[in-house]
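In: here is my input; please provide its structure:
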Amino acid sequence: MVQIVKAGEEHVEGIVDICTRGNQAAYQHIYTQSYLELVIKEFYNPERILEEVTHSSRDWGGYFAAIENGKVAGACGGGMISDKAGEVYVLYLDPDRRGEGIGTKLLEVLTKQQKEEFGAVEQWVSVQKGNNRGIPFYEARGFHFQREEKGYGSEEAASYVSLRYSRPI
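Out: Okay, the predicted model is just below:
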């Protein structure tokens, strides 16, 4: 049975693996391989994940991990983007475990944290245009499309379009 826990140092390797494989599965048909590798190298390296599981704040509430038989099956994290709005920054699953309710459980725990600890009344998420795994997931959980935004950070990133969704919580 899957348990959702606040991630710790012992989960770093599993989170790196899940986020790397989940990112590749979600974006391999959207991003160039070089851009995909750049994103994974920047955001899902062991040093950064270790920092993010050992330090949390209102802006970054830390990682939650879905654990089954001692192994990470999914990971998510988020933070507050305003006084009353939370953001889902990352939510990835083992690509072979989709459809089991793990993502829903992770989102529920993150939402509870944002509501109870930080006072959120709404929640936002960015989903890459063309992400046919993420878009239906968030829409089925009450998120509504608000607007498109161009990527930022590099010339290549600016060529991609992010879809902004929100929901009341």
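
In: so where do the strands sit in this structure?
Out: For the chain, strands defined by DSSP state E occupy the ranges 3-6, 63-68, 71-80, 85-93, 122-128, 144-150, 161-168.

In: tell me the contacts of the nearest residue to N131 once chain neighbours are set aside?
Out: Leaving out its chain neighbours, the residue that sits closest to N131 by CB to CB, 6 or more residues apart in numbering is A26, at 5.5 Å. In short, each C-beta sits where N, CA and C put it, glycine included. Shown in contact with A26 (CB atoms under 8 Å, 6 or more residues apart in numbering): Y92, Q128, N131, R133, G134.

In: cool, V2 as well?
Out: Per CB under 8 Å, 6+ apart, neighbours of V2: A66, I67, E68, A73, G74, E100, G101, I102, K105.

In: from Y92, how far out is A7?
Out: Distance, A7 to Y92, using CB to CB, to the nearest Å: 13 Å.

In: of the contacts of V2, select the buried ones using a ChimeraX command.
Out: Of those, the buried ones go into a single ChimeraX selection, burial set by 16 or more other CB atoms under 10 Å:
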select :66,67,73,74,100,102,105
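
In: from memory V121 sits against S166, does it?
Out: No: at 10.8 Å, V121 does not count as touching S166 under the criterion of CB atoms under 8 Å.

In: between the two, which is the more surrounded one?
Out: More crowded of V121 and S166, by other CB atoms under 10 Å: S166, with 19 against 12.

In: what touches both of V121 and S166?
Out: A85.

In: by mean pLDDT, flag the weakest helix or strand of the chain.
Out: helix 33-43 (a mean of 92; mean pLDDT, DSSP states H and E).

In: between it and strand 85-93, how many degrees?
Out: 120 degrees (axes from the mean of the first three to the mean of the last three CA atoms, to 10 degrees).

In: go through helix 33-43 and flag the buried ones.
Out: For helix 33-43, using 16+ other CB under 10 Å, the buried residues are Y35, L36, L38, V39, I40.

In: list the contacts of the fourth one.
Out: If I follow you right, that is V39. V39 neighbours (CB under 8 Å, 6+ apart): N23, Y27, Y31.

In: look up how far E100 lies from it.
Out: In this view, V39 and E100 are 26 Å apart by CB to CB.
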